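Asker: Give me coordinates for this.
(one chain, ligands or ions: 2)
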Amino acid sequence: MSDKRQKAIHFGAGNIGRGFIGPLLVNSGYHVIFADVNEQVIKQLNDQDSYNVLILDEDEEQINSISDVSGVVSTSDDIVKEFASPELDIVTTAVGPSILEKIGQTIAQGLHARREAKQGPLNIIACENMINQTSTLRNYVFDHLSDDDKQWVKENVGFANCSVDRIVPPYDPKDSDTPLDVGVEGFYEWVVDKDALQRTPPNIQLKGVKLTSELDAYIERKLFTLNCGHAISAYLGFLKGYKTIDQAVRDEEIRAVVHAALWDEAGAALRRKHKFDEGEYREYVEKIMERFSNPRLKDEVTRVGREPLRKLAKGDRLLGPTTMALEYGLPTDNLSKGIAAAFLFDYEEDKQAVELQKRVEKEGIEKVVADITGFEQGGKEHGTILEAHEELRKKYKQKN
Ligand SMILES: NC(=O)c1ccc[n+]([C@@H]2O[C@H](COP(=O)([O-])OP(=O)(O)OC[C@H]3O[C@@H](n4cnc5c(N)ncnc54)[C@H](O)[C@@H]3O)[C@@H](O)[C@H]2O)c1
Ligand SMILES: O=P(O)(O)OC[C@@H](O)[C@@H](O)[C@H](O)[C@H](O)CO
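Answerer: Numbering: from 1, shown residues only. Ligands and ions are numbered 1, 2, ... in the order given. From the prediction side, this is the model:
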C-alpha cells in the first residue's frame, strides 16, 4: 500500500462494515483500516489481498473485489497510533449501538494522539441504526477528553449523523469464497449531515454518499419505515415459525400487517411530519417490500429481530412511529401488533430476548409493557398491545 494514500479507519469489520461502508470508502479512494475485536477477521484482512462483495439480487449476480484494506485489533495501541497519521481523513463505525460507549474511549485516545502529533482535522461518522448515533458517540468520546483536548476536537473534528441503508445478512461462504466474502442486496443509501461534514470537508469526496441538511427526515423515514417493517416481519415471522424474512413477507397475513403499519400508520405520520410526496413514499414502501421478498439474501428473522429491548426502546423503530402516529391522531393497530409480537420473541440465543422473557415471567406482561412503552396500564394503547399479545400468544405460543 502506498503510504501517501488517504486513509480511513472503520470500526466494525462485520456485515455492513465489509459489505457497504468499507467498499464505499475504498471506491472513493481511501485505504481502509478495519478495527475490530475479532482477531481472526483482522488476521484474514491482513493475510488476504482482497475479498469479494457479492450482489445477491434476484435479477443480477455481480461480484466486486475489494482490496486496499487492512486490519488492526481495536483494543491495541496500533489503532490509537493510526489516528496520528497525516493521511487519516475519516473515521466510521458499524459496531452496534450498544458498543459505541466501548469505542468512545479508544477514539478519545486517538484524537488526543492526533492533537499531540499536530495533525489536521478529520470527520467521524457512526453508521449505526439509531437516530443521532454520531452525536451519541461524540458524547462518549467527550467523556474521555481533557478540557484542552475537548477544545481542539471542537475546532478540528466533525461528528456527522447519518442514515445507512443496505440489507447485509451474515453470508454463508461457498467453496469458491473466502471467509471474508459478504453477500449484499444491490440497493444502498448512505445519507450524511452536510453541515457537520462540511465543517472539515474530507480530502476525498465520498462517492455514493448523499449530503443533506435535512437528515432528520431521512433517518426517520429509514428507521420508521424500513427498520419498522423489518422488525414487524421478523417478530410475526418468528411466531409463525418462518426462518427468513422473505418467507415471512410471503405470508399474506404478515404482509398485510406490515404494509398497513408502514402505509396507514407509520407512513401516514411521516408524510404528515415531513411532507413527503405521497406517490414517492408509496414507491419507497413498495421497494422496501420488494427488498424484503428477496430469497437470495436468506436474511434470518432472528438477525432482524435481534436485541428486542433496543428495538422496543422509545424513539426506535417500533415506538418511534407509534408515538408519532398517535400525535397526529392516526391508527396504530398494526404497529401495536408488531410491538406485541416483539414481547413474544423468546429466541433463546438472544440475550435481550431472554432478559425480556424473564422480566415478563417475573413482573407480568401488563407491567412490563407499561414500563417499556410508557403507555399507562388501563389506557387505550396499553390495552391494544395487551389484546394483540394475548391473541398472538394463544394462537402461536399456547401449548395445546
Ligand atoms: N447488517 C445490516 O443490514 C445493517 C445495515 C445498516 C446498518 N446496520 C447497523 O450497523 C451496525 C453493525 O451491524 P452489522 O449487521 O454489521 O453487525 P455485525 O455483528 O455483523 O458487525 C459488528 C462488528 O463489530 C465488531 N465489534 C464488536 N465490538 C467491537 C469493538 N469494541 N471494537 C471494534 N469492533 C467491534 C464485531 O466483532 C463485528 O465484527 C449496527 O448498528 C446495525 O444496526 C446494519
Ligand atoms: O441492524 P439492526 O439490529 O438495527 O436491525 C436489523 C435490520 O433491520 C437491519 O440490519 C437492516 O438490515 C438494515 O438497517 C438495512 O439498512
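Asker: what's the spacing between the residue in the stretch 1-150 of the chain positioned nearest to ligand 1 and Thr106?
Answerer: Nearest residue of the stretch 1-150 of the chain to ligand 1 (CB to the nearest ligand atom) works out as Gly14 at 1.9 Å. Glycine gets a C-beta too; all of them are placed from N, C-alpha and C. As judged by CB to CB, to the nearest Å, Gly14 and Thr106 stand 17 Å apart.
Asker: what's the answer for Ser70, then?
Answerer: Per CB to CB, Ser70 is found 17 Å from Thr106.
Asker: Domains of this structure: list them as residue ranges, please.
Answerer: Split into domains by automatic domain parsing, the chain comes to 7-213, 217-397.
Asker: which parts of the lowest-mean-pLDDT helix or strand in the chain are buried?
Answerer: None of the helices or strands of the chain scores lower by mean pLDDT, DSSP states H and E than helix 194-199, at a mean of 82. Under the neighbour-count criterion of 16 or more other CB atoms under 10 Å, helix 194-199 has Ala196, Leu197, Arg199 buried.
Asker: Please list the residues of the stretch 151-300 of the chain that sit near ligand 1.
Answerer: Within the stretch 151-300 of the chain, the positions adjacent to ligand 1 are Val164, Arg166, Ile167, Val168 by CB under 6 Å from any ligand atom.
Asker: how does it look with 5 Å?
Answerer: Residues of the stretch 151-300 of the chain lying close to ligand 1 (CB under 5 Å from any ligand atom) are Val164, Ile167, Val168.
Asker: Secondary structure class of Ile107, three-state.
Answerer: helix (DSSP: H, G, I helix; E, B strand; the rest coil).
Asker: which intervals of the stretch 251-400 of the chain have sub-threshold pLDDT?
Answerer: 399-400 (pLDDT under 70).
Asker: Look through it and state the residue closest to ligand 1.
Answerer: Using CB to the nearest ligand atom, Arg303 is the residue of the stretch 251-400 of the chain that sits closest to ligand 1, at 7.4 Å.
Asker: List the buried residues of stretch 226-237.
Answerer: Within stretch 226-237, the residues that count as buried by 16+ other CB under 10 Å are Leu226, Asn227, Cys228, Gly229, His230, Ala231, Ile232, Ser233, Ala234, Tyr235, Leu236, Gly237.
Asker: ok, the third one - contacts?
Answerer: This points to Cys228. Shown in contact with Cys228 (CB atoms under 8 Å, 6 or more residues apart in numbering): Ala261, Leu262, Ala266, Arg317, Leu318, Gly320, Pro321, Leu335, Gly338.
Asker: Now do the same for Gln62: helix, strand or coil?
Answerer: Assigned with three-state DSSP, Gln62 falls in the strand class.
Asker: Which residue, other than its chain neighbours, is closest to the residue minimising distance to the centre of the chain?
Answerer: Geometric centre of the chain, nearest residue: Asn129, 2.8 Å, by CA atoms, centre = their mean. Leaving aside its chain neighbours, Asn129 sits nearest to Asn227 (6.0 Å; criterion: CB to CB, 6 or more residues apart in numbering).
Asker: Between the contacts of Cys228, which sits nearest Lys362?
Answerer: Using CB to CB, Leu318 is the member of these that sits closest to Lys362, with 22.6 Å.
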